[in-house]
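**Student:** could you work out the structure for the sequence below:
(one chain, ligands or ions: 1)
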Amino acid sequence: MQVGIIMGSTSDWPTMKHAADMLDKFGIAYETKVVSAHRTPQLLADYASTAASRGLKVIIAGAGGAAHLPGMAAAFTSLPVLGVPVQSKALKGLDSLLSIVQMPKGVAVGTLAIGDAGAANAGLLAAQILATHSPELMTKIDAFRQAQTDMVLSQPDPSQVTL
Ligand SMILES: Nc1c(C(=O)O)ncn1[C@@H]1O[C@H](COP(=O)(O)O)[C@@H](O)[C@H]1O
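**Tutor:** Residues are numbered from 1 along each chain as shown. Okay, the predicted model is just below:
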């Protein structure tokens, strides 16, 4: 496995699935696991501190509300940790975002956007990190971006579209 996708609760899966789908697109092997800094603190410590020795290269961590999971994972490993703020019901994910993004200097978490787009981009960014050591993967990412550009450029003038 090259990427570990962890999340605070199974309720985060509909969001975090977008990260998994992106990794699938590029044929990148990953594992998924519910790990919580709050509810399963020892599991988090064990998971993150053994991640590098188990061969993982990047961790994607998604959580909502008081989202301490990405920061605590980063505290236990020197692997890059990408944090996904899951949209909460009460505060629409602003709580998750602020909990993840304001890390103290010296322990880094790469924070993505709130929700599905953030999860998908976490998968994409993980692929891009891995691609720095894989020309084959870089070619796939270049092709993905070109296809996206071509799709946008082929769309008709918005004023001609009947909604
Ligand atoms: N933020 C965290 C952490 C953590 O940061 O360790 N563990 C669970 N949670 C979050 O609690 C929310 C509600 O969880 P439940 O749906 O299980 O009640 C989820 O979005 C989860 O990520």
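**Student:** what's the longest helix belonging to the chain packed up against?
**Tutor:** If you go by DSSP state H, the chain has its longest helix at helix 135-153. Applying 3 or more C-beta pairs under 8 Å, 6 or more residues apart in numbering; DSSP states H and E, one finds that helix 135-153 makes contact with helix 116-131. All C-beta spots, glycine's among them, are computed from the backbone N, C-alpha and C.
**Student:** the helix it packs on versus helix 135-153: what angle between them?
**Tutor:** On the basis of axes from the mean of the first three to the mean of the last three C-alpha atoms, to 10 degrees, helix 116-131 is oriented at 140 degrees to helix 135-153.
**Student:** got the residues of the protein near the ligand?
**Tutor:** Listed as neighbours of the ligand in the chain under the rule C-beta under 6 Å from any ligand atom: 7-9, 11-12, 36-39, 63-69, 86.
**Student:** state the distance from residue 61 to residue 17.
**Tutor:** 15 Å (C-beta to C-beta, to the nearest Å).
**Student:** what does residue 98 give?
**Tutor:** Residue 98 is 24 Å from residue 17, by C-beta to C-beta.
**Student:** who's more crowded, these two?
**Tutor:** residue 17 (18 against 14; other C-beta atoms under 10 Å).
**Student:** hmm, the more buried one is touching residue 122, no?
**Tutor:** No - applying C-beta atoms under 8 Å as the test, residue 17 and residue 122 come out as separate, 11.7 Å apart.
**Student:** sorry, back to before: just the buried residues of the longest helix of the chain, please?
**Tutor:** By neighbour count on 16 or more other C-beta atoms under 10 Å, the buried set for helix 135-153 is 137, 140, 141.
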